[in-house]
Each structure stands twice: as structure tokens, then as C-alpha cells.
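Peer 1: sequence below, structure please.
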Amino acid sequence: MKFMNSFIQFVIEQGVPRETVELMLMFPIVATLMVIARQVVGVKAFGIYTPSIIAIAFLSTGLKYGIFLFTIILIIGTATRLALKHLRLLYLPRVAIMLSVVSVTIFLVLIIGGYFNRTGLASVSIFPLLILITIMEKFIVVQVEKGAKTAIFLSFETLVLSVLAYFIVSISQLRELMVKYPWIIFLIIVFNFILGKWTGLRIWEYYRFREVIKANKR
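Peer 2: Residues are numbered from 1 along each chain as shown. Next comes the predicted model:
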């Protein structure tokens, strides 16, 4: 265990940003949180990876601006899809057009943010923006395959999980704990092995099938 502690300190001393080390060590916790939400609670969202990286993007944009950009991207992406719907374009060119429109829109939003001295919005770096923009494709795919209602519901669940993960990753004491005791990751892996054997009903399913469960108990 001391070897891992020494290794983490060595990595930091070699110039790797401490924040990067903290986030890499926190990522297994975030991923496990997503697994619990899906396997135990029954929240679907856009998988495990998507809400996890959105939470990391929120750390760079700030929660307020992150949620704002997330919402704008989905609205513009949907509006562009509806505008292109009757043109009978192939899927990939259509997605490229939607990404282009969304990119231009976000660019204009950043300019407006700078004009009104919203420095937190105007100074957002490119990588969290790219992360948020690429979420649009998942949203559009679900819209096409399962309908707008399902896409909106999954987007809302994804946003809720992302915000929850954001608050967890923002806990400085927890980040310090992971740097000090990086071997906790092995406990997280063991916990995921246990979750991998989960065969019971999810919490949401207990609520959804409550009438059937009550009838079987009689």
C-alpha cells in the first residue's frame, strides 16, 4: 500500500497536475455510482460513460454554465433534426450538419457571454464543449429509434446523474482521501464484482410492479 502512495506522490512530483491525478482516481467512484444508479435503482440514462464524462466537463464549465450549455445543445440539435427531417439526407451527413449548427450556436453563445462580461461562460475551454456537443448524437439516435419522449427522459436522467457525480467529485476531502489512499480503488473493484452478481429487482421495479408484488403476497 505504501508503494502506491509513493507512486502517486512521484507522479505529482514529475509534473503531472494534481487535479488530473485526483480526477483519474475519482473516476472509478463516479463509474461505480452510475452502476448503482442503473443496477440497483433502475435509472437508465445514456449508459455509464456518458454521465461520467459530463460530470467531469461540468467541473471545467461550472455547474450553472454546464447545465445551460447541455440544454442549449439538445434544443438546437433537436430543432436542426426536425428542420432536416423532410430532406431525406443520409444519416452521417445529417449528423455532420447538426454538429456544425450546434458548434456555430455554441460559438455565438460564447461571444454573447463575453459581450455581457460572463467570463465564466466566455472562458470555457474546448474539451468540455466537445464533450457536451458529442452528447447530441446519442440524444438524436434515441429520438430516431425510441421517440422524442424517451430521449428527453433519458437526457433528464443523464443530467441528474451528471450533477450528482459533479457534487461527489467536487468534495475536496474525498479527492484528498483518494490521493492519500489510492488502494481504495481495489475495494471499489471488489464492490463492482459484488454488483456484478446482482440478480434482484431494481428499486424502480419494486415501485413499478408494486401491485403485482402486493397481489403475490396475499
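Peer 1: now the helix ranked longest in the chain: average pLDDT?
Peer 2: Ranked by residue count, the top helix of the chain under DSSP state H comes out as helix 91-115. Average pLDDT, helix 91-115: 84.
Peer 1: just the helices in the chain please.
Peer 2: Secondary structure of the chain (DSSP H): helices at 2-13, 18-36, 49-61, 63-84, 91-115, 119-122, 126-146, 148-169, 172-180, 184-195, 203-208, 210-217.
Peer 1: what about Tyr166, neighbour count?
Peer 2: Using other C-beta atoms under 10 Å, Tyr166 has 21 other residues around it. For every residue, glycine as well, the C-beta is placed using N, CA and C.
Peer 1: show me where pLDDT drops low in this structure?
Peer 2: Along the chain, segments meeting pLDDT under 70 span 1-5, 118-123, 200-201, 203-218.
Peer 1: repeat that with 50
Peer 2: Flagging of the chain using pLDDT under 50 yields an empty set of residue ranges.
Peer 1: go ahead and flag the most central residue of it.
Peer 2: Centroid check for the chain by C-alpha atoms, centre = their mean gives Pro51 as the closest residue, at 1.7 Å.
Peer 1: Leu99 contacts Met136, doesn't it?
Peer 2: Yes - contact criterion C-beta atoms under 8 Å: Leu99 and Met136 qualify, at 7.0 Å.
Peer 1: quick one: which of the two has more around it?
Peer 2: Met136 (22 against 18).
Peer 1: which ones are touching the more buried one?
Peer 2: Taking C-beta atoms under 8 Å, 6 or more residues apart in numbering, we find Met136 in contact with Ile73, Leu74, Gly77, Met98, Leu99, Val102.
Peer 1: so which elements touch the longest helix of the chain?
Peer 2: The contact analysis (3 or more C-beta pairs under 8 Å, 6 or more residues apart in numbering; DSSP states H and E) places helix 91-115 against helix 63-84, helix 119-122, helix 126-146.
Peer 1: got the angle between it and helix 126-146?
Peer 2: Put simply, helix 91-115 runs at 140 degrees to helix 126-146, going by axes from the mean of the first three to the mean of the last three C-alpha atoms, to 10 degrees.
Peer 1: what residues sit buried inside helix 91-115?
Peer 2: Arg94, Val95, Ile97, Met98, Leu99, Val101, Val102, Thr105, Ile106, Val109, Leu110, Gly113 (16 or more other C-beta atoms under 10 Å).
Peer 1: for stretch 58-78, same thing?
Peer 2: Those would be 58-62, 65-67, 69-70, 73-74, 76-78, for stretch 58-78 by 16+ other C-beta under 10 Å.
Peer 1: roughly how far apart are the residue nearest to the centre of the chain and Gln14?
Peer 2: 31 Å (C-beta to C-beta, to the nearest Å).
Peer 1: ditto for Thr134
Peer 2: Thr134 is 31 Å from Gln14, where distance means C-beta to C-beta.
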